[in-house]
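> Next comes the sequence, and after it the predicted model I'd like to discuss.
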Amino acid sequence: MTKLVPFLSRYWWHSNRSRHEVIARVYAPLIENSISEHKELIEAAGAEHLIRKDGWVEAFRSNGVRDVEFVEAERLAREYGISYTRLDKAELAQTEPHLSRDFIGGLKWNDPWSVLDPHGLTAAYLKYFESLGGRFVIGDATTLVPRSSGAGWQVKTDDGPVEGKDVVVALGPWSEEVTRKLGYRFLLGVKRGYHMHYAPAGKARLNNWMMDKERGYFLAPMNKGIRLTTGAEFAYRDAPKSPVQIDRAERVARTIFPLAERLDAEPWMGARPCTPDMMPIIGKAPRHQGMWLAFGHAHHGLTLGPVTGRLIAEAMTGEKPFLDMTAYRPERFNP
Ligand SMILES: Cc1cc2nc3c(=O)[nH]c(=O)nc-3n(C[C@H](O)[C@H](O)[C@H](O)COP(=O)(O)OP(=O)(O)OC[C@H]3O[C@@H](n4cnc5c(N)ncnc54)[C@H](O)[C@@H]3O)c2cc1C
């Protein structure tokens, strides 16, 4: 774990309340535009059936936590214009009749959209991309080299070498495997997380994406079943899976909602690509012509994919980006 110390110490430094508030303010424009940018793609890709537009719920077990969260929700509503609804015990029970009565109330965040099948959505986007003439090939990004003649880049793929004037490095937690060779250092870390799908027991129904705030896990009604998602595990990206979190969260989740059998052979694990200052890296590579960087989106990679794509496309084609990209520039780690 000692190799994680440089990342973790900087991450911890940025998590200080006043520093984090500054980060939240410069991060907010990305989030504010996330739905509108997805919306256009969802419509173009014919993927409306994969989307729900009715927010999500945080449920509280104790009056103390509920009161603090209600005050915080009011602050967020005032500062960021976010819409929320307070739910008392009876209202929460009415919203989620099959949830145990351990909860004394909740908060419904009204604005967010959710995806019933994230892989289905990205597959629909890919189909749309191909319908516009785009080509999808699989290759090894670590073979990326400058083109032997003229400006641009070349990479080896299953379909042979592919060349281009510009290249976008968008490899999530693997991005440094390409950028480090070119002399950059971003000090990425990962927060790993797990999920598992369950059948509901009997006729039990979960109506909302729901977080058990004081126990730190999520239950969500997905196309594949009820998805239990864990919080963050700080570990090496490639370390073997450790199913401790999912087992613990499952034990708690079974006490609050009638879950039946597991539907996946083993828990899915992903790695959220995190930068030390909690903001993504979006922009031109400081020392290489025709190279663009788009990674480090942590908990919001799916949410921020389209807004990031638009910013990179605008910067690449010389248009004025529709948002100020200064805060996301790669130079903050590589002056
Ligand atoms: C449990 C969990 C829950 C999450 N929930 C949400 C959520 O609700 N909403 C949200 O927005 N985000 C969520 N995230 C975060 C989200 O998954 C990430 O932010 C997102 O995947 C990052 O996207 P990316 O495209 O940058 O990287 P990735 O999705 O990791 O994609 C990187 C790709 O690069 C490929 N690759 C690696 N090396 C090479 C190579 N040498 N050559 C070619 N390709 C290579 C990998 O195979 C991979 O396909 C969650 C993450 C976890 C773990």
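Yes, it's here.
> tell me the contacts of the closest residue to the ligand within the stretch 1-150 of the chain?
Across the stretch 1-150 of the chain, the shortest distance to the ligand (CB to the nearest ligand atom) belongs to residue 141, at 3.4 Å. Where you see a C-beta, it was placed from the backbone N, CA and C, and this is true even at glycine. By CB atoms under 8 Å, 6 or more residues apart in numbering, residue 141 lies in contact with 155, 169, 171, 174, 177-178.
> can you give me phi and psi for it?
Backbone torsions for residue 141, taken as degrees, to the nearest 10, come to phi -60, psi -20.
> For it, give me the pLDDT.
On the pLDDT scale, residue 141 is placed at 98.
> residue contacts, whichever residue of the stretch 51-200 of the chain sits closest to the ligand?
With CB to the nearest ligand atom, the shortest gap between the stretch 51-200 of the chain and the ligand falls at residue 172, namely 2.2 Å. Neighbouring residues of residue 172 by CB under 8 Å, 6+ apart: 271, 273, 295, 297, 301.
> could you redo those residues as CSV and give each row secondary structure, pLDDT and neighbour count?
Listed next are those as CSV, based on DSSP: H, G, I helix; E, B strand; the rest coil; pLDDT from 0 to 100; neighbours: other CB atoms under 10 Å:
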residue, secondary structure, pLDDT, neighbour count
271, strand, 97, 20
273, strand, 97, 24
295, strand, 98, 25
297, coil, 98, 23
301, helix, 97, 18
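> and of the residues you listed, the nearest to the ligand?
Using CB to the nearest ligand atom, residue 301 comes nearest to the ligand of those, at 2.1 Å.
> Can you tell me the closest non-neighbouring residue to that closest one?
The spatial neighbour of residue 301 that comes closest, neighbours along the chain excluded (CB to CB, 6 or more residues apart in numbering), is residue 172 at 6.6 Å.
> and which of the contacts of residue 172 is nearest to residue 248?
The shortest gap between residue 248 and any of the contacts of residue 172 belongs to residue 271, at 19.5 Å (CB to CB).
> that older thread, tell me which of the contacts of residue 141 fall in helices.
Using DSSP state H, the members of the contacts of residue 141 that fall in helices are 177-178.
> helix or strand right after the longest strand anywhere in the chain?
Counting residues, the longest strand found in the chain (DSSP state E) is strand 189-200. From strand 189-200 onward toward the C-terminus, using DSSP states H and E, the following helix or strand is strand 210-212.
> what's in contact with that next one?
Residues outside strand 210-212 that contact it (CB under 8 Å, 6+ apart): 56-59, 61, 96, 99, 217-220, 252-253, 256.
> What's the ChimeraX syntax to select whichever of the residues you listed are buried?
Here is the ChimeraX command that selects the buried residues among those (16 or more other CB atoms under 10 Å):
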select :56,57,58,59,61,96,99,217,218,219,220,253,256
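> and the contacts of strand 210-212 near the ligand, which?
Near the ligand, judged by CB under 6 Å from any ligand atom, there are no entries from these.
> backbone phi and psi for the spatially most central residue of the chain, please?
For the chain, the residue sitting closest to the mean C-alpha position, by CA atoms, centre = their mean, is residue 300 at 2.4 Å. Backbone torsions of residue 300, given as degrees, to the nearest 10, read phi -130, psi 30.
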